[in-house]
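*Asks:* what's the 3D shape of this:
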Amino acid sequence: MPFALSDTLQAIVLAGLSILLDAGFWIVASLIAAGFVYEYLGTSRLSRFMRHQGAGSLAGALAVGALLPICSCGVIPLAISLRLAGVRLAAVMTFAAATPVINPAAVLLSYALLGPQITMAYVLFGLTVPILAGLIVERFGSQPDTAVAAQLKSCCCGTSGCAGQPVTSGQRFVRAVRWGVLELGPTLGLYLAVGIVLAAFVVTLTPSQWIPEHLGAAAPLASLLLVAVLGMIIYVCAVAHIPLVAALLLAGASPGVAIVFLVTGAVTNLPELIALQRILGRRAIAVYVASLVAASVAAGWLLNLWLLPDFSPRLDPLVSMHWSDLAARATFIVPQPITVASAAAVGLLCIWGVSRWVRDRVDGLRKRQVAA
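*Replies:* A predicted model of the protein is given here:
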């Protein structure tokens, strides 16, 4: 029993480290970029366009999101900085959904491993549902700033400086990096730590044969909901989850299962959802998740019953090699030293965020004891 427990804990730790290694670089890059978005967007011409209530802001958010090769964890700082800079909620959520679910490398690899039919459905879904989800969240999920969002907004001064004096471009540069890494970083680090730990537990403790046994070729509605919930919990980046979907199809899963997992597996995961809800609010994230799950399940059901009822996977090795090679060329490969350093940096931000939370709770307890 002790050996089994030790092996399980080791597997959980390794799963958590794997998530850090996969997402670390993109989280660090996104934190730095978020600082510049927050610092400069409010004084740029792009600001008025992104705040506009028309379709242009949504189309722009969709286009930028579809071109950026960033995972769902990496998109968190950028989405938050856009919202704190005053961008409309629908555009923020469109960007948050589109960025991880679809990008050129993912489309090429999908064509190579999943075939043209599922790839076409995947692209159509990736270009329409993010806008739909953004509009639904804006309509039903808007709420006042959370306490964490208000704190992040108040930690930095405007372009005139904290005391009213103008600041130089160099000072703004330093201030942007400082806000992104030292203010937003540990704030998100707390919630990323919780999400990574929970995701590692779920991935480790889920039986290896559980997925194939519950995702048969018929894939009724219950199976689509099941894979949607699984996709929301685990962390899989936009490109890496496509081979897993191909394996599910070859094992007998339906095309509807593929679509549901392609979307929920890339767009939603526990670290992202926990971090976002602390900034945007629980209602906004609940509506966001519900709209994505409902849309993906509806698309999967439609694909199974009407569009591809007789689907059977056909894998041509030569064609797959050609398109896989193109996908590899379109994918930015992070050098291993940078990957490790980024994972370590995110790990330190998680430790910083957790320790700060513990210190605040201890200080609050001491104050209550003194007051008593």
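*Asks:* longest helix of the chain?
*Replies:* Ranked by number of residues, the top helix in the chain under DSSP state H is helix 2-40.
*Asks:* for the stretch 101-250 of the chain, which segments count as helices?
*Replies:* Residue ranges of the helices in the stretch 101-250 of the chain, as given by DSSP state H, counting those that start in this stretch, are 104-114, 116-140, 147-154, 169-178, 185-205, 210-214, 221-233, 241-250.
*Asks:* which strands or helices does the longest helix of the chain pack on?
*Replies:* helix 75-84, helix 169-178, helix 185-205, helix 336-371 (3 or more Cβ pairs under 8 Å, 6 or more residues apart in numbering; DSSP states H and E). C-beta coordinates here come from the backbone N, C-alpha and C atoms, glycine included.
*Asks:* redo those as CSV? Include distance to residue 21 and mean pLDDT.
*Replies:* Below are those laid out as CSV (distance: least, Cβ to Cβ, whole Å; pLDDT from 0 to 100):
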stretch, distance to residue 21, mean pLDDT
helix 75-84, 17, 84
helix 169-178, 23, 84
helix 185-205, 11, 81
helix 336-371, 5, 88
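*Asks:* which of the ones you listed is buried the deepest?
*Replies:* Neighbour counts (mean count of other Cβ atoms under 10 Å) averaged over each of these peak at helix 75-84, with a mean of 27.
*Asks:* tell me, please, the helix or strand in the chain that averages the lowest pLDDT.
*Replies:* Across the helices and strands of the chain, mean confidence by mean pLDDT, DSSP states H and E is lowest for helix 317-330: a mean of 53.
*Asks:* on the three-state scheme, residue 333 is what?
*Replies:* Under DSSP: H, G, I helix; E, B strand; the rest coil, residue 333 falls in the coil class.
*Asks:* for it, grab the count of nearby residues.
*Replies:* By other Cβ atoms under 10 Å, 8 other residues sit near residue 333.
*Asks:* next one: residue 131
*Replies:* As a burial measure, residue 131 scores 20 neighbours (other Cβ under 10 Å).
*Asks:* touching, it and residue 62? I think so.
*Replies:* Yes. Residue 131 lies in contact with residue 62 (Cβ atoms under 8 Å); the separation is 6.0 Å.
*Asks:* overlap in contacts of those two?
*Replies:* residue 94 (Cβ atoms under 8 Å, 6 or more residues apart in numbering).
*Asks:* so which of the helices of the stretch 101-250 of the chain is nearest residue 288?
*Replies:* Residue 288 lies closest to helix 116-140 among the helices of the stretch 101-250 of the chain, at 4.9 Å (Cβ to Cβ).
*Asks:* report the angle between the strand or helix carrying residue 294 and helix 221-233.
*Replies:* Per DSSP states H and E: residue 294 is located in helix 282-302. Put simply, helix 282-302 runs at 140 degrees to helix 221-233, going by axes from the mean of the first three to the mean of the last three Cα atoms, to 10 degrees.
*Asks:* helix 282-302: which residues count as buried?
*Replies:* Buried residues in helix 282-302, counted by 16 or more other Cβ atoms under 10 Å: 284-285, 287-289, 291-301.
*Asks:* over to stretch 146-154?
*Replies:* Residues of stretch 146-154 classed as buried: 146, 148-149, 152 (neighbour count, 16+ other Cβ under 10 Å).
*Asks:* residue 347 is nearest to which of the helices of the stretch 101-250 of the chain?
*Replies:* helix 185-205 (8.7 Å).
*Asks:* could you tell me the angle between that closest one and helix 147-154?
*Replies:* Here helix 185-205 runs at an angle of 140 degrees relative to helix 147-154 (the same axes, to 10 degrees).
*Asks:* give me the distance from helix 185-205 to the chain's centre.
*Replies:* Distance of helix 185-205 from the chain centroid (Cα atoms, centre = their mean, to the nearest Å) equals 13 Å.
*Asks:* and it, what does it pack onto?
*Replies:* Against helix 185-205 (3+ Cβ pairs under 8 Å, 6+ apart) you get helix 2-40, helix 75-84, helix 147-154, helix 221-233, helix 270-280, helix 336-371.
*Asks:* quick one: contacts of it?
*Replies:* Against helix 185-205 from outside (Cβ under 8 Å, 6+ apart): 8, 11-13, 15-16, 19-20, 27, 31, 73, 76-77, 80, 148, 151-152, 233-235, 269-275, 278, 346, 349-354, 356-357.
*Asks:* where does the stretch 201-350 of the chain have low pLDDT?
*Replies:* Within the stretch 201-350 of the chain, the ranges that satisfy pLDDT under 70 run 206-220, 235-240, 251, 309, 312-332.
*Asks:* the stretch 51-200 of the chain too?
*Replies:* Filtered on pLDDT under 70, the stretch 51-200 of the chain yields the residue ranges 51-53, 69, 72, 154-167.
*Asks:* angle of the host helix or strand of residue 256 against helix 116-140?
*Replies:* Using DSSP H and E, the element containing residue 256 is helix 255-267. Here the directions of helix 255-267 and helix 116-140 differ by 50 degrees (the same axes, to 10 degrees).
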